[in-house]
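> only geometry, no sequence info:
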Ligand SMILES: C[S@@+](CC[C@H](N)C(=O)[O-])C[C@H]1O[C@@H](n2cnc3c(N)ncnc32)[C@H](O)[C@@H]1O
């Protein structure tokens, strides 16, 4: 029996469950390794994402822009003030911790003539990313395996470095952030995404349940844990009800990333401000959906110093703890000299 003999309704299942995984196992062998992975936590985190890549996305709406880095970042909806920044003609972009590729595709398609290097610990994630980006006909991303902590092993600097949803999974996030800063050209731009302590109290409640009840990070363990949390939420626990509203809660791999992670740090804005000072990076602004009240608040802060704006955002977040529910995602800049 060949695949042509299968009922048509089964073909998408065969494609997803058989053909695509086969293609990914072929692609694994084509992905170079740029650094060693020597750190203990990095190795455990890699093992986790080898089993459960984040996340197995299916469709993406690709819109190719014909704009430079500064045109994209200063235009609606991002509207970041870049001062005297001069955008490179062919920006070299590092996406550190690219996961399954959705993140890398964004800079590859939104900046004109971009060349993206996308790194991750997990070969399973990278193979998924490579297959998906080829399917979308995106040819300006080079995927490679590397540990952020060992990026000094590569002799290269980038115009833009993006690292979203990754540094908080390192044992020492600041050590990783320092390595990334060394890979950024003087005057270059960096986009960072970090978990907010205030916005993740529901996740923290979920993690506490896992610890107390001893749920295992296996498919059965994750399902049992979800069942437990959903029933506690339906009995009126508002924090757990909030956790159930997160989309990541409802798929196995994403749920493992959400509440079963072996290494998670959370940050406050004062801590981020301190880190930026240590790294000698200038805070520019957040990239997020500034609809409504948030946009008005941001406008009120225009013209204030970066430090002042971070203090005001911190006060705002204390009043509105869900503000950075997705993550803090912000741009910063390395001094030109
Ligand atoms: C939650 S996923 C985020 C993926 C992607 N940035 C996104 O926003 O969709 C975290 C990814 O970071 C990777 N990662 C974690 N620690 C890393 C390290 N030390 N070096 C490189 N990648 C790392 C993991 O393998 C995983 O794929």
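Nice, I can see it. None of the values given here were measured: they were computed from a predicted structure. Numbering: from 1, shown residues only.

> Strands of the stretch 151-300 of the chain, residue ranges please.
Across the stretch 151-300 of the chain, reading from the start of the chain, the strands by DSSP state E, counting those that start in this stretch fall at 158-164, 184-194, 282-286.

> Tell me which of these lies nearest to the ligand.
Distances from the ligand to each of these were compared using Cβ to the nearest ligand atom; the minimum, 4.4 Å, belongs to strand 158-164. For glycine as for every other residue, the C-beta is placed from the backbone atoms N, C-alpha and C.

> What strands flank that closest one, and is each parallel or antiparallel?
strand 92-96 (parallel), strand 184-194 (parallel) (DSSP bridges).

> Identify all contacting residues around the longest one.
Okay, so that is strand 184-194. With Cβ atoms under 8 Å, 6 or more residues apart in numbering as the contact definition, strand 184-194 has outside contacts at 69, 73, 82, 85-86, 157-168, 173, 177, 180-181, 265, 267, 272, 281, 284, 287, 327-337.

> hmm, back to that, so which of the strands of the stretch 151-300 of the chain is the most packed in?
A comparison of those by mean neighbour count, using mean count of other Cβ atoms under 10 Å, puts strand 158-164 on top with a mean of 23.

> Briefly note if that strand comes near the ligand.
Yes: contact between strand 158-164 and the ligand, assessed by Cβ under 6 Å from any ligand atom, occurs at residue 164.

> One more: stretch 200-219?
No: counting by Cβ under 6 Å from any ligand atom, no contacts exist between stretch 200-219 and the ligand, the nearest distance being 12.7 Å.

> from the chain's centre, how far out does that stretch sit?
Put simply, stretch 200-219 sits 21 Å off its chain's centre (Cα atoms, centre = their mean, to the nearest Å).

> Mind listing what's buried along it?
When burial is assessed from 16 or more other Cβ atoms under 10 Å, stretch 200-219 yields the following buried residues: 200, 201, 202, 203, 205, 206, 207, 209, 210, 215, 217.

> Okay, residue 101 and residue 249: tell me how far apart.
According to Cβ to Cβ, to the nearest Å, residue 101 stands 22 Å off from residue 249.
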